[in-house]
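In: Fold the following, please.
(chains A, B and C)
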Amino acid sequence: MTLIAGASLLVVALMLAIGGLLIQDSTGARQVFGWSFLLPNLGSTWNPVTGQFQGWSFIYGTLVTSLVAILIALPMSLGIAIFLAELSPGWLRAPLGTLIELLAAIPSVVYGLWGIFVFLPAVVVRAGAFLSETLGKIPLLQVVFMGQIPSSGASRLAAGLILAIMIIPTITAVSRDVFRAIPMAQREASLALGATQWETITRVLIPYGLSGILGAAILGLGRAVGETMAVTMVIGNSLQGSYSLLLPGYTMSSVIANEFAEAVSTLHSEALIEVALILFGFTLILNGIARLLVWKIGSRTVEEARA
Amino acid sequence: MQTISSTAGEVTSRELRQPQSPLVTIKGEPLPLTSSKFVLSDLAFYYGKVQALAGISITIPANHITAIIGPSGCGKSTLLRTLNRMNDLIPKTRIEGQVFLDGDDIYSPNVDVVDVRRRVGMVFQRPNPFPMSIYDNVSYGPRLYGVTKRADLDQIVEFSLQQAALWDEVKDKLTQSGMALSGGQQQRLCIARALAVEPDAILMDEPASALDPIATLKIEELMQTLKSSYTIVIVTHNMQQAARVSEFTAFMMIDQNRAGTLVEFGETAQIFTRPKNRQTEDYVTGRFG
Amino acid sequence: MITQARSTLLFTTPIVKGFIQAKKGRQRRRAINFFWLGITGVVTVLALVPLFWIIGYVAVKGAPAINLAFFTELPQGMGSASGGVLNAIEGTVLLTVLSGLFAIPPGLLAAFYAVYHPNTWLGIALRFGADVLSGVPSIVIGLFGYALVVKPAGHFSALAGSIALAVLMLPIIIRTAEEMIKLVPKNLRAGALALGSPEWRAALQVTLPAAISGIMTGFLLGLARVSGETAPLLFTSLGNDRFEIGRLVQAGFRSGQSFPEILYNIIQQPVDSLPLTLYKYTQQPFPAQIQQAWGVALVLIVLILMFNIAARYWVSRQAAKNRG
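Out: Alright, predicted model coming up:
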């Protein structure tokens, strides 16, 4: 019994220890740079040689790549979840679900490898050229679509697209379960009024499951924010002082992966740990919100089943 | 239509499966054809290989309340759901025979199922309002059909809620969630929601089984006021309710193949006081099972 | 009251019916329905394109790299086409086994606690903790392993790497085991407790055997996950071109070390793993290394597919048992 409680305590302690160690080991950098570390300023510097460290470029990189990922992955995952939960014939449901889940089983480095040698030259380079020709000419959008995509394709856009593929299984699985949890009576009520299946899905099922679907999306966003290897391999890892999606960049996780082993000074590694702390905070908040939302729909269906 | 005349003199081994007389009479007078809403002709229904309904022929009169009674598992709900093609939603089901709604075979390939369901509204066992406001619940249907003008919607919502005897209770809180109402109010909201698309007939699948006696009574009163404008078909396991609210009653049972069949159909008073069939008599007098 | 309610509005002209007469609207709605339902099918197929593209490409590009030397020899240095990735294979096995040893016992115990004491403060904190842990980015867990083991010890090691991987694996084990233990009929355990078995004994002798197939699934999914992870190893096990368990064992025996000493020596070495090697090789400009990277990717995918197939097998066994 003590052993069992001890094991549980270990899990709780681990969670606290991760946060604690990150806070402790970044003390130096936090004292030196204070809040200026977080300032949204693209001219900010990250210079290990002169000992100047500001994190905005990485925060921006993480945010923008995750945003691209979620913008592509959410509608696709919703479509897949609807197909799996509402349309697919019974015999196709399990194998299709398994295949989608297998996408999540492929290691991040394999995505990276495939990205560098196959996906970037075949898809991203073309998409990037197209975007710079079209959206890159529109005044306001220019900020995010200016410049020429490198011939290798390594760019924030590449990272965002790979992330989109990687988070589809997460969002799909959760939102499929959300659809399945919606009582049959809701569908019947709508169809009996003469609604088509699509009208039923968009006007009844999606509003009904909205919080769960949002939770799924945020869970996916959390995954995208924390994803490291595939992003590190395709984002180009360089600071160019630009907001463009078509140019190489850095994310919080990729700068840690790239520089921590070769940190040139204590301050450098402390600054990297501070980046990790911010990243940790991000995922903590995102996961917290996601759990709350998914849990809400779960408990609502339970209540209705009881009623 | 052909059923109405075809089976009149035929008394064979199929006797059990046939209604005593497919002709509907009111006080002994045959009902004019124009007053029939649904005509079912030799209807059979299968869930996969299992036959759930067999040889059902029945004429349901317009602007009256018809009750379908019978022991549980005899296919009452399945029969009801053939009337607005709700069984289409269940995979691997098959239907034989015909269902005519105002003379149109609703299972013919060129019929739009969406239109059938608009003409035949449905109210379910458990109140199932959408998780949206009362107003949006009622205006859900009309909006599907393209009614967008606020004034039109306002009028439909008020009219439907009034018809469902719910207007006075909710007129000041139309923006509140429909889920926040009491069970009986929710069920009347569901009735209003069904009325909002201006159907000709309303199917009710044990509409009061989840409600308390007072709420049940309100629904029953409501049905009496609605029948002048709508044809109502109600499935109920409660014989007193059938006797109270309906003018016609269909009694169903499972036959030797475990498929649901129609045993007797007639005026409610006759079914409950002078049943022609022995099984009906056993059932309505409580001697059955 | 009801008769009152049927007021003047009763005889208003129908509104909806007017719209319904318009056949055009009906056709439009039907077309929209088919179009969008079709789209959901299309995106489902579209999402599977990368899966088959990746697996197919890796199989085609990786197969030529696979030969006997690939599995039995150490790397011959950058730029060399000969040699293999024995160090990474042994490292992956070592890291996976070690992390399993670290994560499975406490994970299983914690799962029992979560099921039996869900509403104590510790039970709530535990489930919250497992949730948080499962969302922590693997790179952050790598930094944690570095701070916890590498920095105090002063060197990179398999031990540090496997501890980081164990942290990653722990929530997967807890969650799966928790689900599976919950499915065991309560009266089984109640019966054992009523006969006077202490709680731990009931758990060990009754609940665990009943749920074991399902719990195996958790182990396998956890192992599958960590065997493909790279980020937690970057600053913990680091990598080691010359790592070879056989050689370390021989050297240990020659210098008269006992078996535990040899074992300890092995886990104190920095080690490579398959994903780590893959990552490092893609950073190289040499075609030979890129070629081997595809080979490594193929081995990794096959390994992880096997883990996943095995996991599904155990799930179906558990399902069969719960039915029977």
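
In: how about the residues of chain A near chain B?
Out: For chain A, the contact set with chain B under CB under 8 Å from any CB of the partner chain comprises A:89-90, A:183, A:185-196, A:199, A:203-204, A:207-208. Glycine gets a C-beta too; all of them are placed from N, C-alpha and C.

In: burial count for residue C:148?
Out: Each residue near residue C:148 was counted by other CB atoms under 10 Å in any protein chain shown, and the total is 19.

In: Same check on residue B:91?
Out: Around residue B:91 there are 9 residues (other CB under 10 Å).

In: Correct me if wrong: it contacts residue A:88.
Out: No - counting by CB atoms under 8 Å, residue B:91 does not reach residue A:88; the two are 10.9 Å apart.

In: Quick check: neighbours shared by those two?
Out: Between them, residue B:91 and residue A:88 share no contacting residue under CB atoms under 8 Å, 6 or more residues apart in numbering or on different chains.

In: Which stretches in chain A count as strands?
Out: A:46-47, A:52-53 (DSSP state E).

In: Can you name every helix or strand that the last one contacts?
Out: Judged by 3 or more CB pairs under 8 Å, 6 or more residues apart in numbering or on different chains; DSSP states H and E, strand A:52-53 is in contact with strand A:46-47, helix A:266-306.

In: Packed most tightly, which of these would that be?
Out: helix A:266-306 (a mean of 19; mean count of other CB atoms under 10 Å in any protein chain shown).

In: Distance from it to the middle of the chain?
Out: 12 Å (CA atoms, centre = their mean, to the nearest Å).

In: re earlier: show the buried residues in the residues of chain A next to chain B.
Out: Neighbour counting by 16 or more other CB atoms under 10 Å in any protein chain shown classes A:185-196, A:199, A:203-204, A:208 among those as buried.

In: just checking, which of those belong to helices?
Out: A:185, A:186, A:187, A:188, A:189, A:190, A:191, A:192, A:199, A:208 (DSSP state H).

In: Now do the closest residue in space to the second one that isn't next to it in sequence, the pLDDT please.
Out: This points to residue A:186. Leaving aside its sequence neighbours, residue A:186 sits nearest to residue A:204 (CB to CB, 6 or more residues apart in numbering or on different chains; 5.5 Å). Note on residue A:204: pLDDT of 95.

In: how close does residue A:204 get to chain C?
Out: Distance, residue A:204 to chain C, using CB to the nearest CB, to the nearest Å: 14 Å.

In: on that earlier part again, and the helices and strands packed on strand A:52-53, which one is worst for confidence?
Out: helix A:266-306 (a mean of 79).

In: is any part of it close to chain C?
Out: Yes - contact of helix A:266-306 with chain C (CB under 8 Å from any CB) involves A:273, A:276, A:279, A:280, A:283, A:284, A:286, A:287, A:291.

In: Now flag whichever of the residues you listed is closest to chain C.
Out: Proximity of the residues of helix A:266-306 next to chain C to chain C (CB to the nearest CB) peaks at residue A:287, which lies at 3.6 Å.

In: so who does residue 195 touch?
Out: Chain wasn't specified; assuming chain A. Contacts of residue A:195 by CB under 8 Å, 6+ apart are A:203, A:204, B:114, B:140, B:141, B:144.

In: You answered for a different chain; I wanted chain B.
Out: B:121, B:159, B:160, B:163, B:164, B:202, B:226, B:230.

In: quick one: it from residue B:167, how far?
Out: Noted for residue B:195: a distance of 12 Å to residue B:167, by CB to CB, to the nearest Å.

In: Report pLDDT for residue C:119.
Out: 87.

In: how much space is there between it and chain A?
Out: Applying CB to the nearest CB to residue C:119 and chain A gives a distance of 13 Å.

In: Next, that residue: secondary structure please.
Out: coil (DSSP: H, G, I helix; E, B strand; the rest coil).

In: now swap in residue B:53 and tell me
Out: strand.

In: give me the element residue C:250 is part of.
Out: Element membership for residue C:250, per DSSP states H and E: helix C:245-254.

In: next structured bit after that helix?
Out: Per DSSP H and E, the helix or strand that comes after helix C:245-254 is helix C:259-267.

In: neighbouring contacts of that following helix?
Out: Around helix C:259-267, the neighbours that count as contacts under CB under 8 Å, 6+ apart are C:94, C:98, C:157, C:158, C:159, C:162, C:245, C:248, C:249, C:252, C:253, C:257.

In: Give me the pLDDT for residue B:130.
Out: Value for residue B:130, per-residue pLDDT: 94.

In: counting contacts, what elements does the host helix or strand of residue C:281 pack onto?
Out: Using DSSP H and E, residue C:281 falls within helix C:274-282. When contacts are defined as 3+ CB pairs under 8 Å, 6+ apart, helix C:274-282 packs onto helix A:108-114, helix A:229-234, helix C:86-116, helix C:287-323.

In: Do a quick rundown of the helices in the stretch 101-250 of chain C.
Out: C:121-135, C:138-145, C:151-153, C:158-183, C:186-194, C:199-202, C:208-227, C:245-254 (DSSP state H, counting those that start in this stretch).

In: And those: which comes nearest chain B?
Out: Across these, closest to chain B is helix C:121-135 (CB to the nearest CB), at 26.5 Å.
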